[in-house]
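> here's my sequence, what's the structure:
(chains A and B)
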Amino acid sequence: MRGPSAALLIVTAAVQLTACDTPGTPLRLAPYEFRLAGTDSVFHWPPSSLPVRYYVEPVGQLPEYVASGIVTWQQQFLYGEFRGERVLDSALADVVIQLIGSPPPDAPLTNDPPRIVCEGVTLVPPRVDAGLAKPQFESRLQIELRWFSGPEPSDIVNCLARVTTHEIGHSLGIFAHSADPVDLMFGQPQVSTPSLRDRATVQTLYHVPSDILPWSSTPP
Amino acid sequence: MRPTAALVGVLVGAMPAAAVAQVAVEVGLGALGSSILVRDSIVQELTVRPDIAPSATVAIGALLDPSWQLLAGVRWTRGDLARREGDEKTSIMTMTVWSGSLGLRRQLNDWASVQGSIGAIKYAPSDEAKVGTLFQEGAPLFAAAALAVRAERRFGARTAIGLQIAYDAHRFGTQALRSSGVTGQRIVHRISIEMTFRRSLSDARP
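Reported below is the predicted structural model:
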């Protein structure tokens, strides 16, 4: 085989390689409400604030639940809209997570049916006018977790892991609950990973303009 | 014909000549631009495209006859992968892209040549950067086809410096995009311009 015939082979291969196959835009589920309750305000972390820094008290397996929750939510995106990381100094954190009460039992996570033996709350700080283009949160976001005594240890750790991921979802800016129990952002979460509707909701949230700026440790 | 079969055909056909050919080593430095990798719509349309990035190429060429040269090369680029949405542009990550090719160059006259090649392209985001992106479920190898034109000026019997404009195309899609409902693959077009330096390993004209 000499040059001209080899060149013909290359052209044939090139045509096959680049034959047209136009991709379609994916259909996404309709999002549930994510605006701050009682207002029309939307919050999400701007690109300049990424990665969002989470500090968690080093109690039991809580740091692992937080690390897993951050990655779980980050995986819901395709275009780098959100990134988070754990930090070891609370002074550097954008979000502080603490456990109220005694340390939880030391037990491995299981696939047992969910039991509501813990709870969490994300404290959204008030907004202030700091002379910026938009109102700004007055302080860091704060997440509080607590568990109830009595049930099996595995129920407690399963619940804490699940609720931690749910609360991290709030910290991304989903400031409301889904009405569907198959969604992680249902008021009392029954599942441990985001559903397709959770994914559609958080993706939508990060593609609408945010009305609120995050708190910043450095003055504007 | 499958691309791999074509590649094998070129290799086998060229071997007897290449075995006795003069060999030249080439390097190229320049810039590379790419068309969009993804077009999506979340609230509004968005696109993902690599920014124009520096590129470097290393290749080895073997003379088959006075007009034809067999080439094997590797190209490296590294630059920002950016999301564009409305008037806003946001960097997703800094990413390296490798491509390897095997092709033929036809010398048109003393200073001009054209080149065709086939090969593969590998997008190589770092493990830390790819979570939360279209590469989080992997970045496959894409078959590619390329064309190039080059103008050169010779300096002595062994050395030549030139300017090359190259075009390549490949299909693009990732598992993360498919998992999100994107069906099919997009044809991605890339154009590069490079200053080239070629050095023959013998005195014969490459």
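
> hmm, stretch B:103-118 touching chain A?
Yes - using C-beta under 8 Å from any C-beta of the partner chain, stretch B:103-118 reaches chain A at B:103-104, B:106, B:116-118. Where you see a C-beta, it was placed from the backbone N, CA and C, and this is true even at glycine.

> adding secondary structure, pLDDT and neighbour count, write those out as JSON lines.
Output for those, formatted as JSON lines (DSSP: H, G, I helix; E, B strand; the rest coil; pLDDT from 0 to 100; neighbours: other C-beta atoms under 10 Å in any protein chain shown):
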{"residue": "B:Gly103", "secondary structure": "strand", "pLDDT": "96", "neighbour count": "25"}
{"residue": "B:Leu104", "secondary structure": "strand", "pLDDT": "96", "neighbour count": "23"}
{"residue": "B:Arg106", "secondary structure": "strand", "pLDDT": "96", "neighbour count": "15"}
{"residue": "B:Gly116", "secondary structure": "strand", "pLDDT": "97", "neighbour count": "22"}
{"residue": "B:Ser117", "secondary structure": "strand", "pLDDT": "97", "neighbour count": "28"}
{"residue": "B:Ile118", "secondary structure": "strand", "pLDDT": "97", "neighbour count": "25"}
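
> from those residues, pick the one nearest A:Thr25.
Set against A:Thr25, the nearest of the residues of stretch B:103-118 next to chain A by C-beta to C-beta is B:Ile118 (30.3 Å).

> chain A: strands as residue ranges?
With DSSP state E, the ranges of strands along chain A come out as A:52-56, A:84-87, A:95-99, A:118-123, A:127-128, A:136-137, A:141-147.

> give me the mean pLDDT for stretch B:24-38.
Across stretch B:24-38, pLDDT averages out at 97.

> now do it: distance to the chain's middle.
How far stretch B:24-38 lies from its chain's middle: 6 Å, per C-alpha atoms, centre = their mean, to the nearest Å.

> in chain A, where is pLDDT below threshold?
For chain A, applying pLDDT under 70 flags the ranges A:1-22, A:24, A:217-220.

> for it, longest helix please?
Longest helix of chain A, by residue count under DSSP state H: helix A:153-171.

> which pLDDT does the model give the nearest residue to B:Ala112 once chain neighbours are set aside?
Nearest residue to B:Ala112, sequence neighbours excluded (C-beta to C-beta, 6 or more residues apart in numbering or on different chains): B:Ala151, at 5.6 Å. As predicted, B:Ala151 sits at a pLDDT of 97.

> distance of B:Ala151 from chain A?
Counting by C-beta to the nearest C-beta, to the nearest Å, the separation of B:Ala151 from chain A is 20 Å.

> swap in B:Trp76?
For B:Trp76, the distance to chain A (C-beta to the nearest C-beta) stands at 21 Å.

> that residue touches B:Thr96, doesn't it?
Yes - B:Trp76 is in contact with B:Thr96 according to C-beta atoms under 8 Å; the separation is 6.8 Å.

> can you put the strands of chain A in a markdown table and add mean neighbour count and distance to A:Pro108?
Converted to a markdown table, those look like this (neighbours: other C-beta atoms under 10 Å in any protein chain shown; distance: least, C-beta to C-beta, whole Å):
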| stretch | mean neighbour count | distance to A:Pro108 |
| --- | --- | --- |
| strand A:52-56 | 22 | 19 |
| strand A:84-87 | 18 | 21 |
| strand A:95-99 | 22 | 18 |
| strand A:118-123 | 18 | 16 |
| strand A:127-128 | 16 | 41 |
| strand A:136-137 | 19 | 37 |
| strand A:141-147 | 21 | 16 |
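
> closest to chain B out of those?
strand A:84-87 (9.1 Å; C-beta to the nearest C-beta).

> can you name the two of the residues of stretch B:103-118 next to chain A that are farthest apart?
The two members of the residues of stretch B:103-118 next to chain A with the most space between them (C-beta to C-beta) are B:Arg106 and B:Ile118, at 15.5 Å.

> mind listing the helices for chain B?
For chain B, helices defined by DSSP H occupy the ranges B:3-18, B:127-130, B:175-179.

> so is the last one next to chain A?
Yes - figure legend: helix B:175-179 in contact with chain A (C-beta under 8 Å from any C-beta); contacting residues B:176-177.

> got CSV for the strands of chain A, with distance to chain B too?
Formatted as CSV, these follow (distance: least, C-beta to the nearest C-beta, whole Å):
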stretch, distance to chain B
strand A:52-56, 12
strand A:84-87, 9
strand A:95-99, 17
strand A:118-123, 21
strand A:127-128, 23
strand A:136-137, 20
strand A:141-147, 19
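
> who does the longest helix of chain A touch, helix- and strand-wise?
In terms of contacts (3 or more C-beta pairs under 8 Å, 6 or more residues apart in numbering or on different chains; DSSP states H and E), helix A:153-171 is packed against strand A:52-56, helix A:62-74, strand A:95-99, strand A:118-123, strand A:141-147.
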